[in-house]
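Asker: structure for the following, please:
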Amino acid sequence: MPKYLYSIRMKRLDQLFSSAARTAVLNVLAFQPGSISLRKTARIARIHLYSAERALAALVDEGVVQRQQHGNTCRHALHPTDPAALMVRAAVKAAADAAISARNHEWQARAKQILPFMHEAEGMLLAARISTQTRVNRHGA
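Answerer: Numbering: from 1, shown residues only. Model prediction:
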């Protein structure tokens, strides 16, 4: 493909993620292995049906999302060969991985804070068991 055609087709990520609805829809589509209906997209994205419809229509017009008619239902998916769609999929997945990594670090830090209390609680439970066992042995003997 000639370079000038590639630059015309290439969309900037900030334009693709220009609204909350578009961002939510792209997040949903990036993790879908196949196409998905409008209603299901809106439900998963937790946005109003009309907002999802407008966002999908704009993304279809830009060529990032593919619309497929299946009977009475339109199904949508990220375009498999559009460079911007490939960038969107990579960016969304990288953001999700970064969020998971940050959350893991947060959980590890919390675990380090909780660990001394867990050891103390374990010691208290052991002492209570020993005390209970001693009382049972005294009364049983």
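Asker: average pLDDT across the strand or helix carrying residue 108?
Answerer: Taking DSSP states H and E as the definition, one finds residue 108 inside helix 83-140. Averaging pLDDT along helix 83-140 yields 83.
Asker: against which helices or strands is it packed?
Answerer: helix 3-9, helix 13-16, helix 20-30, strand 73-78 (3 or more C-beta pairs under 8 Å, 6 or more residues apart in numbering; DSSP states H and E). To be clear about C-beta, it is placed using only N, CA and C from the backbone, and glycine gets the same treatment.
Asker: got the end-to-end distance for stretch 32-40?
Answerer: End-to-end distance of stretch 32-40 (C-alpha to C-alpha, to the nearest Å): 11 Å.
Asker: which positions within it qualify as buried?
Answerer: Across stretch 32-40, burial judged by 16 or more other C-beta atoms under 10 Å covers 35, 36, 38, 40.
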